[in-house]
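Chemist: here's a sequence, model it:
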Amino acid sequence: MEDREKQRKEREEQRKRAEAEAEKKKLAAAEAEADAGEGGEDATDDVQFSDYQPLKLRGGLAHPDPVVENASLSAVRPPDLGGDVLANLDASIIAQGKLSALQLESVAYARQRFDMRLESGARCGFFIGDGAGMGKGRQLAGIIAQHWNEGVERHLWVSVSNDLKFDAERDLRDLGCAHIPVIPLNKCDYGTLKEKKGVIFCTYSALIAARKGKKPQRRLDQILAWCGRASFGGCLLFDESHKAKNLFGGSGGGKPTKVGQAVMELQTSLPDARVVYCSATGASEPRHLGYMDRLGLWGGDACPFASFRSFLTEVDKRGVGMMELVAMHLKQRGALVCRALSFKNCTFELMDGIMNVHVEKVYDRAAELWDVLKRVMEEMLRAGELADPFAVSEEDLAEGKKARRGHGMLWRYFWGAHQRFFKDLCVASKVPAVIDVAKSALADGKCVVIGLQSTGEARTKDAIEEYGDVMDDFVSAPRATLDRFVRKVFACPD
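Modeler: Residues are numbered from 1 along each chain as shown. Predicted coordinates for the structure are as follows:
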C-alpha cells in the first residue's frame, strides 16, 4: 500500500517537472521570437513606407501633396489598365487636375473591376482604403461622374451622417457635375420615390429605419424598389464602410448587427450594382471584412477561401502578417488602393489658453439657461401642462405606461439637444484662434486643412430655407439647436 502511494507521488513529481520544463522551453521560444522581431513596440515603430506614384496610369496631374504606401504593398505591382477605362470621363477633369493622378487611378481600377464577375454572377467590387486627406469623397464622385456619362443615371451613396450630403454635392460640383441631383432620403416621405434619376444619399441608420402603423415599410425596401432590384446597374457606394463591420461577431459566430445585415441585403438584392467600399479603417481586423462580399476573397472555387468563416479562421490563426498578404493579393488583382499622405517632416502643437473671459461668460450663461429649461420642464410635467411631442400611439398601452414612455423620449431629446448645443458652442469658441493660425499659415505660403467632426451645415441649410433672405448675420449652430428644441418641446408658434 505504501509502495503504491510512493510510486504515485513520484509520478506526480515527474509530471510537474515535465510541465515546468515545457513551460520554460515555451518561454524561451517566445523570447527568441521577440528578439528576432525586435520586440512588439519596435516592430510597430519599424513599419516602413515608400513614396507612391501610379505605376500603370498614364496622364493626370500629380497629387498636390507627397503620398506614401506601406512598404509591403509597394512591393506588389497592380495589373495593367485597359486603354479605355477613363474614356467616358470628361477630359477637363483630367486636364485641369480636378482629380489628381492618384485619384484618377482609383476611378480607373474601379471601372476595370466592374467589368469582371464573381462565380455567383455578381459584379466585382472595389475597395478604397486611402487614409485621411486623400479625397475619398472626390474619388467616389469621379466614379459616379464617369458612369453618368455612360448613361447609368441611378446611384446610391451611403454614409454616416446626413450632413455629408452637402460634401457629396460639393465633390460632384467641383468635378463640373452640378447637373447630377443628390437626393437626401431623410427629406423624402415613405412610399414610392418620385425622382427618376440621380444619387440617393442616405445614412447607415436609414438602412435599418422603418415606418410602423397600418402601412409598415422599411427604408431598405423603399431604396430597393427605386433601384429596381436585380436590374440595377448603378454605383452602390459605401462611404465610411466600417460602419457595417460587425456583420459577424467573435470568430465568425456571434450575433450580426442590423446595419451589417442591411448592407449585405443591399448587395445580395442588387447583384449587378457597382459596389465600392470606402474606409480608412475598414480592414483593421479580419472579422471586420465580412460585409465585403464583392472583393472575391471567398465564396467560389476560384476564390482563396470557401466562405468568410474559413477566411476568418485562417487569417486569425496567422495574425497581422496574413492581413498584409490579403491586402497584397487585393492590390495585385486591382481590387484595392491604400495610400496615405506623408507625415515626413511634420510637427504638431497643442494650443492652450484660447478661451477668453467673454467666452467663459457665454458658457456660464448658457449653462444657467439649460438649467432653467430643465427645471421648467420638470415643473410643467408634474403639473401636466407640457404636451408630449413623443406621444406613443399604441392602443393597448395603459395611459400611465404611455406617459412614462413619452417622458423618457422627452428627456432623451433634451439631453441630446443639450449635448449638441455645448459641442457646437465649444467649436464656436475656438474659431477666432483657428482664424489667426490659418491667416499666419497662409501668409507663410502654406495650405490650410481644418478638420471638423460636425459643421452644422444641415441646420444652416434649414435656417436658410425657413428665413430666406431675411437673415443679416451668420447662422449660429448652438442657437439653431436651442431654437429647434424650444419650438418642438414647448409647441411655440412659428
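Chemist: shaky segments in the stretch 351-494 of the chain?
Modeler: 387-407, 454-474, 492-494 (pLDDT under 70).
Chemist: helices and strands of the protein: which one bottoms out on pLDDT?
Modeler: Every helix and strand of the chain was ranked by mean pLDDT, DSSP states H and E. The lowest is helix 40-45, at a mean of 43.
Chemist: now stretch 79-88: average pLDDT?
Modeler: In this model, stretch 79-88 carries a mean pLDDT of 92.
Chemist: what's it in contact with?
Modeler: If you take Cβ atoms under 8 Å, 6 or more residues apart in numbering as the criterion, stretch 79-88 is touched by 56-57, 94, 104, 107-109, 111-112, 146-147, 149-150, 332-334. For glycine as for every other residue, the C-beta is placed from the backbone atoms N, C-alpha and C.
Chemist: run the last query once more with 10 Å
Modeler: Stretch 79-88 has contacts (Cβ atoms under 10 Å, 6 or more residues apart in numbering) with 54-60, 93-94, 99, 104-105, 107-115, 142, 145-152, 331-335.
Chemist: now do the same end-to-end measure for that stretch.
Modeler: Length of stretch 79-88, first residue to last, Cα to Cα, to the nearest Å: 21 Å.
Chemist: would you mark the buried spots in stretch 60-72?
Modeler: 60, 61, 63, 67, 68, 69, 70, 72 (16 or more other Cβ atoms under 10 Å).
Chemist: among those residues, name the ones in helices.
Modeler: Among the buried residues of stretch 60-72, the members falling in helices (DSSP state H) are residue 72.
Chemist: now the two most distant members of the buried residues of stretch 60-72.
Modeler: For these, the farthest-apart pair by Cβ to Cβ is 61 and 72; their separation is 28.1 Å.
Chemist: residues making contact with stretch 183-190?
Modeler: With Cβ under 10 Å, 6+ apart, stretch 183-190 has contacts from 156-158, 162, 165-166, 168-169, 193-195, 197-203, 205-207, 209-211, 213, 215-219, 221-223, 226, 458, 461.
Chemist: list the contacts of the closest residue to residue 260 other than its chain neighbours.
Modeler: Nearest residue to residue 260, sequence neighbours excluded (Cβ to Cβ, 6 or more residues apart in numbering): residue 247, at 3.4 Å. Applying Cβ under 10 Å, 6+ apart, we find residue 247 in contact with 254, 256-257, 259-264, 287-293, 308.
Chemist: pull out the buried members of those residues.
Modeler: Looks like the contacts of residue 247 have 256-257, 259-264, 287-293, 308 buried, using 16+ other Cβ under 10 Å.
Chemist: which two among these are spaced furthest apart?
Modeler: So for the buried ones among the contacts of residue 247, where distance means Cβ to Cβ, the most widely separated pair is 262 and 287, at 18.1 Å.
Chemist: in the helix or strand hosting residue 323, what counts as buried?
Modeler: Take DSSP states H and E as the rule and residue 323 turns out to sit in helix 320-332. In terms of neighbour count (16+ other Cβ under 10 Å), helix 320-332 has its buried residues at 323, 326, 327, 328, 329, 330, 331.
Chemist: can you list which of the buried ones among the contacts of residue 247 are found in helices?
Modeler: Counting by DSSP H, the buried ones among the contacts of residue 247 contribute 259, 260, 261, 262, 263, 264, 308 to helices.
Chemist: mind giving me the packing neighbours of the helix holding residue 323?
Modeler: strand 67-70, helix 71-74, strand 126-128, helix 308-318, strand 336-337 (3 or more Cβ pairs under 10 Å, 6 or more residues apart in numbering; DSSP states H and E).
Chemist: ok now that helix, how far from the chain's centre?
Modeler: 22 Å (Cα atoms, centre = their mean, to the nearest Å).
Chemist: and for stretch 356-363?
Modeler: 35 Å.
Chemist: that stretch: which residues count as buried?
Modeler: Going by neighbour count (16+ other Cβ under 10 Å), the buried part of stretch 356-363 is residue 359.
Chemist: just the residues contacting it, thanks.
Modeler: Contacts for stretch 356-363 (Cβ under 10 Å, 6+ apart): 355, 422, 425, 426, 428, 429, 430, 432, 433, 478.
Chemist: are any of the residues you listed buried, and which?
Modeler: 422, 425, 428, 429, 478.
Chemist: can you show me the strands along this structure?
Modeler: Taking DSSP state E to define them, one finds strands in the chain at 49-51, 67-70, 126-128, 154-159, 182-184, 198-203, 210-211, 217-218, 235-239, 274-278, 336-337, 340-341.
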